[in-house]
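# Provide a 3D model corresponding to the input given below.
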Amino acid sequence: MKSALPKVRIFLELIKFEHSVFALPYAYIGAIYGAGEGWPTLAQLLWITVVMVSARAFAFLLNRFVDRHIDARNPRTASRAIPAGSIGGWEVALFGLTTLALYFLGIWQLDPLARVLWPIPLIAFIVYPYTKRFTPLCHYWLGMCLGLAPVGGWVAVGGDIADPAPWVIGVAVMLWTAGFDMIYATQDVECDRRDGVHSMPADLGIGPALLQTRIAHVLTVLLLLLGGILLDAGAPWYIGVLASAGLLAYENSIVTPSDLSKVDSAFFTVNGVIAILVGAGAIADRLL
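Predicted coordinates for the structure are as follows:
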């Protein structure tokens, strides 16, 4: 156990476990509204958490493994566990199989439809690392991966998959994610161009990419407002959305083509708070 603990710590750092906060609140949003007049059971929420965290861990691990040679050539990412040699290939495989096992275990505790649709997230996750090899639209593919969260939460508790509400919120999450991923990609423009990695900042320039982020985030807010209408949500939902809109405006104001020094603050701190605010608004809405 003592020899294994350092590897577990490396693994948790590798997959940025704490960043589960980005998508998890949206899965809960899907669940609490998808449950109709009632509430999801504690067991459902537990298994949704297991599915979300394990699926995200698998996706992150796969992305890191596929990009290991690119990361090794980038000074910002060369110290990551895989290119630095902190964990070996068999350990990556073991961690990956463990996350997949947890994913399948969780899926089989949820609504029968979830057991049918389980391949969709995994296919999206497997494809994502390769999109960077041929298109700057990779940000939107990543956004789609996170945008499945509210739809997945909705389906997990037996919600009608044909209802437009979770899909509208899912598209909002997709655009939100794509936008902040473009901000994050501004850090690696030179390395991406050298290595043939596609991104909006590398392909179009930092200025046009940040403009695209602003447009995506305006659309995010509008779609979340529309989602509230479709959900027949009350004031707490809109308060959460408008508070998040203010944070999105702040996020876009602190990162400019001439000043990228606050990318980490915009990417990590602000977006985590945004997800929590929208989730809190949803919970307060259902309670009140």
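# outside of stretch 243-260, which residues touch it?
Residues outside stretch 243-260 that contact it (C-beta atoms under 8 Å, 6 or more residues apart in numbering): 176, 180, 183, 186-187, 206-207, 210, 213-214, 217, 220-221, 224, 262-263, 265-266, 270-271, 273-274, 277-278, 281. In short, each C-beta sits where N, CA and C put it, glycine included.
# Flag every buried residue along it.
Judged by neighbour count using 16 or more other C-beta atoms under 10 Å, the buried positions of stretch 243-260 are A243, S244, A245, L247, L248, E251, N252, V255, L260.
# again with stretch 208-225
By 16+ other C-beta under 10 Å, the buried positions in stretch 208-225 come out as 209-214, 216-221, 223-225.
# Run through the helices of the stretch 51-200 of the chain in chain order.
Secondary structure of the stretch 51-200 of the chain, counting by DSSP state H, counting those that start in this stretch: helices at 68-72, 81-84, 89-107, 112-117, 119-131, 138-156, 164-185, 189-195, 200-204.
# Nearest to L46, out of these?
Ranking the helices of the stretch 51-200 of the chain by distance to L46, with C-beta to C-beta as the measure, places helix 89-107 first at 8.6 Å.
# what helices or strands is that closest one leaning on?
Applying 3 or more C-beta pairs under 8 Å, 6 or more residues apart in numbering; DSSP states H and E, we find helix 89-107 packed against helix 4-14, helix 42-66.
# How about residues contacting the next helix or strand after the first one?
Looking back up the chat, that one is helix 4-14. Sequence order places helix 24-34 as the next helix or strand after helix 4-14, per DSSP states H and E. Here helix 24-34 makes contact (C-beta under 8 Å, 6+ apart) with 39-40, 44-45, 48-49, 52-53, 146, 149-159, 165-166, 169-170, 173, 231, 275-276, 278-279, 282-283, 286.
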